[in-house]
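In: how would this look folded up:
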Amino acid sequence: DAPFDLDDHLGSLDAELAQWSYGTYGYLTDREFDSTVSWKNALEAFAESYHFPFVHGQSVIGMNAVADCSVHDRFGKHHRMGFPFQWIKDLEQGSDWSPQSNMGVIYWVYPNLILANSPVGVEIIDMLPAGDPTSCTVRHSWMGIVPAQDEATTAAYQEIYEQVHAAVRDEDFGVLPGCGSGVRAGQHDHMIIGKNEIGVQHMIQVMANELNIPLTYS
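Out: Next up, the predicted model:
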């Protein structure tokens, strides 16, 4: 019940998100599941692309995306990551080079919301605390870029959602609890965040700043 000013919270990200015209999209469905990983750790899976071939190698994400190749932009506490799809390698002069058609564009809306955009729609993923510090509830919904007007389109959207939901639930969250267990085992007194983990760096910087935790940079 805390007071909340959405415009103030989004800041410059408000105009950025407005370009997508989400209000014209068609809502399809949503599901929830629980996982034994901190919601803060879970967010990091959506801030880098180097894990794609290892975690999503057999699914649409791994097959369609160019791994470990991304651009990152900050909007205050929030950020945007873009990664190209494989077919961008074959585009010729005069082709459609728009980012919406050729890239996956993921937004982190501080603190716990992910918007994962594709050429056909957007995944909305909430990482919610589940009481235990090492548990979270994931709310995963999807909207189509064009509202479905018939059963065939609805069925096609549903198939897309089934694929991306399986990737999130079974692949991302199949690996994440093990990552969390490794951190909790305390085998190291520090953690190095790589140069290709630009989005993860930003998440940790923002969280640390909000919690007044000092970080070491090199």
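In: shaky segments in this structure?
Out: Residue ranges of the chain with pLDDT under 70: 218.
In: Name the residue closest to the centre of it, please.
Out: To find the centre residue of the chain, average its C-alpha atoms and take the closest one (CA atoms, centre = their mean): that gives Phe46, at 3.5 Å.
In: now it: how far from Ile125?
Out: 7 Å (CB to CB, to the nearest Å). All C-beta atoms are positioned from the backbone trio N, CA, C, and that covers glycine.
In: Could you name every residue contacting both of these two?
Out: Taking CB atoms under 8 Å, 6 or more residues apart in numbering as the contact rule, Phe46 and Ile125 both touch 114, 116.
In: The residue nearest to the centre of the chain: what's it in contact with?
Out: 81, 106, 108, 114, 116, 125, 199.
In: 7 Å - rerun?
Out: Applying CB atoms under 7 Å, 6 or more residues apart in numbering, we find Phe46 in contact with 106, 108, 114, 116.
In: Then Asp14?
Out: Neighbours of Asp14 in contact, by CB under 7 Å, 6+ apart: Asp7.
In: part of a helix, is it?
Out: Yes: counting by DSSP: H, G, I helix; E, B strand; the rest coil, Asp14 is part of a helix.
In: All the helices of the protein, residue numbers only.
Out: In the chain, the helices defined using DSSP state H lie at 6-10, 13-18, 39-43, 52-55, 60-64, 99-102, 151-166, 173-184, 198-211.
In: Return the residues in contact with His78.
Out: Per CB under 7 Å, 6+ apart, neighbours of His78: 13, 107-110.
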